[in-house]
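>>> Let me see the structure of the following:
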Amino acid sequence: MKILITDPVDSQCCEILKSEGFDVDYRPGLKPEEIKKAISEASALIVRSQTNVGADILSAAPMLQIVGRAGAGIDNIDVDAATRRGVIVMNTPGGNTVSTAEHTMAMILALSRNIPQADQSLRAGKWERKKFVGTELFEKTLGVVGLGKVGAEVAKRAIAFHVNVIAYDPVLSADAAAKIGVELVSLDELYRRSDYISIHSPLTAETRNLFNETTIRKCKPGVRLINCARGGIVNEHALLAALTSGLVAGAALDVFEEEPPANSTLINHPNVVATPHLGASTEEAQEKVAIQIAHQVADALKGKGLAGSVNAGMIQFAMRKEVRPFLLLAEKMGALLGQLNAGKIHAVIISVCGSILAESLEGVSAAVLKGLFEKMLSEPVNYINSPIIARERGIALELRRHSADEDYAHVLTVIAQGETGERVLSGTVFGTGDVRVVSIDGFRLDLVPSGNMLFYFNIDRPGMLACVSGILAKAGINIARLSLGRLGTTSEAMTVVSTDTQVPEAVVQEIATIEGVSDVRNVLL
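As a prediction, this is how the structure comes out:
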């Protein structure tokens, strides 16, 4: 079998694959049209970040079984297109964890002791010892935003420096954090207490511009900020203003909103340490991911095992036509649950009735967890690893099968138990693929879980909807659908307004001021 490699990888990758008996076509730097020709007889394609593997590339590869990414990120691979073609996508998560953690520590130390600035001064023939007086890490407080693989490794290294480490993570349990010596706190408390803040979160709609003018003002005066995660989490204009005013004492940046960065004023600020996205750029990391992807691809092609797969579980279940809409329902319900839930989740109970759901319960539960975690974590989440992530984060999972439901042939119910109580969602599929959420916390609804939605509770009395729709109309926001539910015969009601565009936060806050309206929040599915 032929394996095409179109990005530079460590030589050991080719050596391992050749020793396994594969025909290796190592051709880094091919243009897209050239790749389409070269891939026609390939059983596997190995890339890093340079090659974009889209539907057009995949359609030119009738024999392709695997796309392997020598690295963690898969932004350059169209996973949905690969899944539809039955192509396994795999990556090498964890291969660059140590390198990124070590680079983060190097940035923290360089920031604390003004090492780059002092080096430049000395090379210029100056001897400015007083100008570059630094600060010790000893007994300082480091706030880690995102305690995933890299964040946890940074925490362990910081603890070795006798640093007090606190962390914010939306899905990790306090017990799991305590095992590595870290105190889990709220984001506001992390801002208030931290001398240093190191970011290790994915870039999502929720984390974009997480550090902005408002949140920076919540931080301890003189805080030092380190970002070796993703550009866009820190608002660069707000950071520059805070550096200039002294609210932020210094910043160490390895990633930027635009790469190469266009904001030269920020990079050239005297209190900024900057590197060109070097977190994973070590010989060891590149060697690790090259060796790892070679073994993973070889084992998969020879049927010895499947490791690092992003979508193999999806392929296994999605090939069954009758299961596909239920998997979509499960993912939507998980994503909805993640956005409606206000606190940490300790347990998830997944209950099903109906033959299709009962037979596919494990896959459906993995789909629920995938939807729940997908926007919270930087690492890829799939049907294979989502139950493992739940276990690692201290979330108990319980699966239940029931024989029948009085209203629907098939019903999926998801119960999330956490520090703020219990949240219960139920959904079904009408016909061959009409996905609906039919109940939330006892409120019976007929909700299409898709697009921009505004959720709120309200007292069920005349004029309530008119008040909300009036505010939306004033803001130029068109209502696409409405779903209303009452809690039995009480005056409590839940309203879901589906809109053509997302409702701005200012409009959300205005709606929240309406007497009788509570818990207003945006959801995007």
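
>>> Show the contacting residues for the residue nearest to Arg230 when sequence neighbours are not counted.
Spatially, and ignoring its direct neighbours in sequence, Arg230 is nearest to Leu203 (3.8 Å; CB to CB, 6 or more residues apart in numbering). Where C-beta positions appear, they are placed from N, C-alpha and C, glycine not excepted. Going by CB atoms under 8 Å, 6 or more residues apart in numbering, Leu203 touches 229-233.

>>> so Ala110 touches Val273, yeah?
Yes - using CB atoms under 8 Å, Ala110 is in contact with Val273, at 5.0 Å.

>>> neighbour-wise, which of the two wins?
Val273 (24 against 20; other CB atoms under 10 Å).

>>> Just confirm that one is within a helix.
No - counting by DSSP: H, G, I helix; E, B strand; the rest coil, one finds Val273 to be strand, located in no helix.

>>> how many neighbours does the nearest residue to it once chain neighbours are set aside have?
Computed as CB to CB, 6+ apart, the closest residue to Val273 that is not its neighbour in sequence is Ala252, at 4.3 Å. Other residues within reach of Ala252, judged by other CB under 10 Å, total 26.

>>> mind listing what whichever strand or helix holds Ala252 pairs with, with the direction of each?
For Ala252, the element it lies in under DSSP states H and E is strand 248-253. Strand pairing for strand 248-253, using DSSP bridges, gives strand 223-227 (parallel), strand 272-274 (parallel).

>>> Out of the ones you listed, indicate the one that is most buried.
A comparison of those by mean neighbour count, using mean count of other CB atoms under 10 Å, puts strand 223-227 on top with a mean of 25.

>>> which outside residues touch the helix or strand just after that strand?
Sequence-wise, the next helix or strand downstream of strand 223-227 (DSSP H and E) is helix 236-245. With CB under 8 Å, 6+ apart as the test, helix 236-245 has contacts from 211-213, 216, 225, 248, 250-251, 256-257, 263, 265-266, 269, 271-272.

>>> again, only this time at 6 Å
With CB atoms under 6 Å, 6 or more residues apart in numbering as the contact definition, helix 236-245 has outside contacts at 212-213, 216, 248, 251, 257, 263, 266, 269, 271.

>>> and if you look at stretch 46-55?
5-7, 67-71, 76-78, 81, 293.

>>> What about Thr490, how many residues nearby?
Counted with other CB under 10 Å, Thr490 comes out at 9.

>>> could I have the helix or strand hosting Leu58 exported to PDB, CA atoms only?
Per DSSP H and E, Leu58 falls inside helix 55-59. C-alpha atoms of helix 55-59 as PDB (Å, rounded to 0.1, in the frame of the first residue of the first chain):
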ATOM      1  CA  ALA A  55     -13.400  17.500   0.100                       C
ATOM      2  CA  ASP A  56     -11.700  18.100  -3.300                       C
ATOM      3  CA  ILE A  57      -8.500  16.300  -2.200                       C
ATOM      4  CA  LEU A  58     -10.500  13.500  -0.700                       C
ATOM      5  CA  SER A  59     -12.600  13.000  -3.800                       C
END
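
>>> strand partners of the following helix or strand past it, parallel vs antiparallel please.
Later in the chain than helix 55-59, the nearest helix or strand by DSSP H and E is strand 66-69. When pairing is defined by DSSP bridges, strand 66-69 lines up against strand 42-47 (parallel), strand 88-90 (parallel).

>>> Now do the same contact list for Arg393.
171-173, 176.

>>> Would you tell me which one of these comes nearest to His103?
Nearest to His103 among the contacts of Arg393 is Leu172, at 22.5 Å by CB to CB.

>>> wait, that closest one sits on Leu147?
Yes - under the criterion of CB atoms under 6 Å, Leu172 makes contact with Leu147 at 5.2 Å.

>>> pull the helix or strand with minimum mean pLDDT from the chain.
helix 312-318 (a mean of 59; mean pLDDT, DSSP states H and E).

>>> re earlier: helices - which of the contacts of Arg393 land there?
Among the contacts of Arg393, DSSP state H puts Ala176 in helices.

>>> Let's have the contacts of Arg393 in a markdown table, adding neighbour count.
Shown next, in a markdown table, are these (neighbours: other CB atoms under 10 Å):
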| residue | neighbour count |
| --- | --- |
| Val171 | 20 |
| Leu172 | 25 |
| Ser173 | 18 |
| Ala176 | 19 |
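
>>> any residues touching stretch 278-290, and which ones?
9-10, 12-13, 70-71, 92, 95-96, 99-100, 103, 228, 254.

>>> re earlier: so which of the strands paired with strand 248-253 comes closest to Glu422?
strand 223-227 (36.3 Å).

>>> per-residue confidence averaged over that closest one?
The pLDDT scores in strand 223-227 average 98.

>>> Pull out the buried positions in stretch 515-525.
By 16 or more other CB atoms under 10 Å, the buried positions in stretch 515-525 come out as 517, 520, 522-523, 525.

>>> Can you list which of those are found in helices?
In helices, defined here by DSSP H, there are no members of the buried residues of stretch 515-525.

>>> Going by distance to Leu361, which of those wins?
Leu525 (22.6 Å).

>>> The closest one is in contact with Leu447, isn't it?
No - counting by CB under 6 Å, Leu525 stays clear of Leu447, with 10.1 Å between them.

>>> hang on, the earlier thing: of all the strands paired with strand 248-253, which one is nearest Gly305?
Between these, strand 223-227 lies closest to Gly305; by CB to CB that is 36.6 Å.

>>> Residues touching that closest one, excluding its own?
107-108, 111, 196-199, 234, 248-253, 255.

>>> re earlier: wait, which of the contacts of stretch 46-55 is closest to Gly476?
Closest to Gly476, out of all of the contacts of stretch 46-55 and judged by CB to CB, is Asp78, at 34.0 Å.

>>> what's the residue lying closest to the closest one once chain neighbours are set aside sitting at in phi/psi?
Excluding its sequence neighbours, the residue lying closest to Asp78 (CB to CB, 6+ apart) is Gly54, at 4.9 Å. When quoted as degrees, to the nearest 10, the phi and psi of Gly54 stand at phi -100, psi -180.

>>> same question, Gly181
phi 80, psi 30.

>>> That one contacts Ile159, doesn't it?
Yes - here Gly181 reaches Ile159: they are 5.3 Å apart, a contact under CB under 6 Å.

>>> Same drill for the two, tell me which one is more crowded.
Ile159 (15 against 12).

>>> Flag the shaky bits of the stretch 251-400 of the chain, pLDDT-wise.
By pLDDT under 70, the low-scoring segments of the stretch 251-400 of the chain are 313-320, 342, 379-380, 384.

>>> the strands in it, which residues?
For the stretch 251-400 of the chain, the strands defined by DSSP state E, counting those that start in this stretch cover 272-274, 345-353, 396-402.

>>> and the closest residue to Gln502 other than its chain neighbours, what pLDDT?
Setting aside the residues directly before and after it, Gln502 is nearest to Asn452 in space (CB to CB, 6+ apart), at 4.7 Å. On pLDDT, Asn452 comes in at 94.

>>> List the residues that contact Asn452.
499, 502, 524.

>>> Neighbours of Gln50, how many?
12.

>>> Looks to me like it is in a helix.
No - counting by three-state DSSP, Gln50 is not part of a helix but coil.

>>> For it, give its distance to Leu357.
42 Å (CB to CB, to the nearest Å).

>>> Return the mean pLDDT over the helix or strand hosting Leu484, rounded to an integer.
Leu484 is part of strand 479-486, with elements assigned from DSSP H and E. Strand 479-486 shows a mean pLDDT of 90 in the predicted model.

>>> What residues of the helix or strand that that strand is followed by count as buried?
Using DSSP H and E, the helix or strand that follows strand 479-486 towards the C-terminus is strand 492-499. Neighbour counts over strand 492-499 (16+ other CB under 10 Å) mark 493-499 as buried.

>>> Brilliant, that's me finished.
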